[in-house]
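Participant: sequence and predicted structure are below.
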Amino acid sequence: MYPDFEKTIYSSPAISLIERHAPELSYFAELLKLEKFKDQSSKNLQASELGYNILLSMEDGILTATNAQTNEKFYTQNTNRGLMNLSATASFSMDELSQILSIYDNENFGITIVKILSEKKNSIEELLLYNPVGFVDYSTIEIFTEAKETASGNSVAKLTKIGEGKVGKMYSNSLAELKVKKGEKDLFAAKAKGDKIVCKYAIK
């Protein structure tokens, strides 16, 4: 029903395929019908025993990502695409999958800068990036600096966008060049100051 959803999941090196008729799929299909599964306080599910971390579901074009260990829904997105709402089809792409996994566990699934490939005149023009979730040709990657702020006694990460680029040459599904198109000088300055740089897929 949602070919883009399945194609994206199958093509990501970070995802393991479960066969369509495996018992696990029936188990999760039944969970979606249960009221207790909608209760975020309920933790008596078998997800931890089965070894699953995230449950992705798509219904009427609404994508939901649920932490299978805690039942917390941590991502919801309307994936219907259309022109001026005249027509729409459900679409799911690698950028959305990357965002979901980085929200769930940025340390293991976030995009990292491997090295600077090209810089000149106080500008960084190309980066080599690694993403365990995978890259797609010509996708837009946004570049941020991250600073820690204190709010209500808690340390909170604040992201400030400083630029963006396009995925260029791909060395593998997970390793690719990023051609910086905006913020080349800001990126250079941030690196020179030792600021933490964060790269994320741009969500359309």
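Facilitator: It's in.
Participant: any low-confidence regions in the protein?
Facilitator: Along the chain, segments meeting pLDDT under 70 span 1-52, 80-92, 203-204.
Participant: can you give me the helices for this structure?
Facilitator: Residue ranges of the helices in the chain, as given by DSSP state H, are 3-11, 23-31, 47-50, 94-104, 106-109, 184-193.
Participant: how does the chain divide into domains?
Facilitator: Using automatic domain parsing, the domains assigned to the chain come out as 3-92, 108-201.
Participant: ok, Ile197 touching Thr145?
Facilitator: Yes: counting by CB atoms under 8 Å, Ile197 touches Thr145, with 6.4 Å between them. In short, each C-beta sits where N, CA and C put it, glycine included.
Participant: any common contacting residues for these two?
Facilitator: Ala190 (CB atoms under 8 Å, 6 or more residues apart in numbering).
Participant: how far does stretch 99-114 stretch from start to finish?
Facilitator: Distance across stretch 99-114, first residue to last, is 19 Å (CA to CA, to the nearest Å).
Participant: got the contact list for that stretch?
Facilitator: Here stretch 99-114 has contacts from 14, 53-54, 56, 65, 67, 74-75, 98, 127-133, 141, 175, 197-201, 203, using CB under 8 Å, 6+ apart.
Participant: from those, which land in strands?
Facilitator: Taking DSSP state E, the ones among these that sit in strands are 54, 56, 65, 67, 74-75, 127-130, 141, 175, 197-201.
Participant: quick check: PyMOL command selecting the buried ones in those.
Facilitator: Command for PyMOL that selects the buried part of those, burial taken from 16 or more other CB atoms under 10 Å:
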select buried, resi 54+56+65+67+75+127+128+129+130+141+197+198+199+200+201
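Participant: quick one: Lys200 and Glu146 touch, right?
Facilitator: No: using CB under 8 Å, Lys200 is not in contact with Glu146, being 10.6 Å away.
Participant: number of nearby residues for the closest residue to Glu125 other than its chain neighbours?
Facilitator: In space, and not counting its chain neighbours, Glu125 is closest to Ser118: 4.4 Å by CB to CB, 6 or more residues apart in numbering. The tally of other residues near Ser118 (other CB atoms under 10 Å) stands at 14.
Participant: same check on Leu178?
Facilitator: Counted with other CB under 10 Å, residues neighbouring Leu178 total 26.
Participant: bridging residues for it?
Facilitator: Leu178 has the following beta-bridge partners by DSSP bridges: Leu127, Val167.
Participant: ok, it to Asn106 distance?
Facilitator: Separation of Leu178 from Asn106 (CB to CB, to the nearest Å) stands at 18 Å.
Participant: right, and Asn122 touches Leu187 too?
Facilitator: No: contact criterion CB under 8 Å: Asn122 and Leu187 do not qualify, at 10.1 Å.
Participant: more crowded one of the two?
Facilitator: Set Asn122 next to Leu187 and count neighbours by other CB under 10 Å: Leu187 wins out with 26 against 10.
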